[in-house]
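Participant: Sequence below, structure please.
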Amino acid sequence: MPIYEFYCTPCNTIFNFFSRSVNTTAVPACPRCQARLERRMSLFACIGRASDSDADADLPIDEARLSEAMGRLASAAENLNEDDPRQAAGLMCKFSEMTGVKLGDGMQEALRRMAAGEDPDSIEADMGDILEQEDPFAPGGSPAKRRRATPLRDETLYEL
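Facilitator: Reported below is the predicted structural model:
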């Protein structure tokens, strides 16, 4: 008996449904609000590249550049002094340069202030609302279009 995961956008919740047979076409209604659910791959079953419909698939990241940058920055990250915000800001700036990922205006400002030695807690106090509303990978600091809280998981096993 396979178990399928489905996501409800209005409830921001993942539900589990079991089926007495393999059923790749049935799509149930949300047990809470009756909205049409979206079928999701279980985490253990995800392999290969993310599909274009995944929430994070539209990030402007070149996978080859990202992999190369991660390898080159690994040793720098290992030697990072966690008590020195300047080093963390420098590492983030290098990451952005090496991957081609352009950070939003708010994130760039926060990193600039950290690199200048300003206390990260005071930056958070001053810019917390800006940083929370900003898509960190959107040039110009545009608001996050699809950013939502991590989905809840309903632990009930429903019948498909």
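
Participant: what's next to the lengthiest strand in the chain, contact-wise?
Facilitator: Longest among the strand segments of the chain by residue count, using DSSP state E, is strand 152-159. Defining contact as C-beta atoms under 8 Å, 6 or more residues apart in numbering, one finds that strand 152-159 is touched by 3, 11-19, 28, 31-32. To be clear about C-beta, it is placed using only N, CA and C from the backbone, and glycine gets the same treatment.

Participant: now stretch 105-125
Facilitator: Residues contacting stretch 105-125 (C-beta under 8 Å, 6+ apart): 85-86, 88-90, 92-93, 103, 127, 130-131, 134, 136, 140-141.

Participant: Can I have the buried ones of those residues as a ChimeraX selection?
Facilitator: Typed into ChimeraX, the line below selects the buried ones among these, using 16 or more other C-beta atoms under 10 Å:
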select :85,88,89,90,92,93,103,127,131,134,136,141
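
Participant: Could you pull out the buried residues of the longest strand of the chain?
Facilitator: residue 154.

Participant: can you offset everything so residue one is 452?
Facilitator: In the new count, where the first residue is 452, that last one comes out as strand 603-610.

Participant: Paired strands for it, with orientation please.
Facilitator: strand 464-469 (parallel) (DSSP bridges).

Participant: Residue 559 sits in which helix or strand?
Facilitator: Following DSSP states H and E, one finds residue 559 within helix 556-566.

Participant: Check the offset of that helix from the chain's centre.
Facilitator: 20 Å (C-alpha atoms, centre = their mean, to the nearest Å).

Participant: need the next SSE after it, C-terminal direction.
Facilitator: Helix 556-566 is succeeded, C-terminally, by helix 571-584 (DSSP H and E).

Participant: ok now the lowest-mean-pLDDT helix or strand in the chain, how far from the chain's centre?
Facilitator: The helix or strand of the chain with the poorest confidence is helix 514-529; it has a mean of 71 (mean pLDDT, DSSP states H and E). With C-alpha atoms, centre = their mean as the basis, helix 514-529 stands 19 Å off its chain's centre.

Participant: if we look at that helix, which residues are touching it?
Facilitator: 542, 545-546, 549-551.

Participant: neighbour-wise, which of those leads?
Facilitator: Neighbour count (other C-beta atoms under 10 Å) singles out residue 550 as the most crowded of those, with 20 neighbours.

Participant: Pop out the phi and psi values for that residue.
Facilitator: phi -90, psi -20 (degrees, to the nearest 10).
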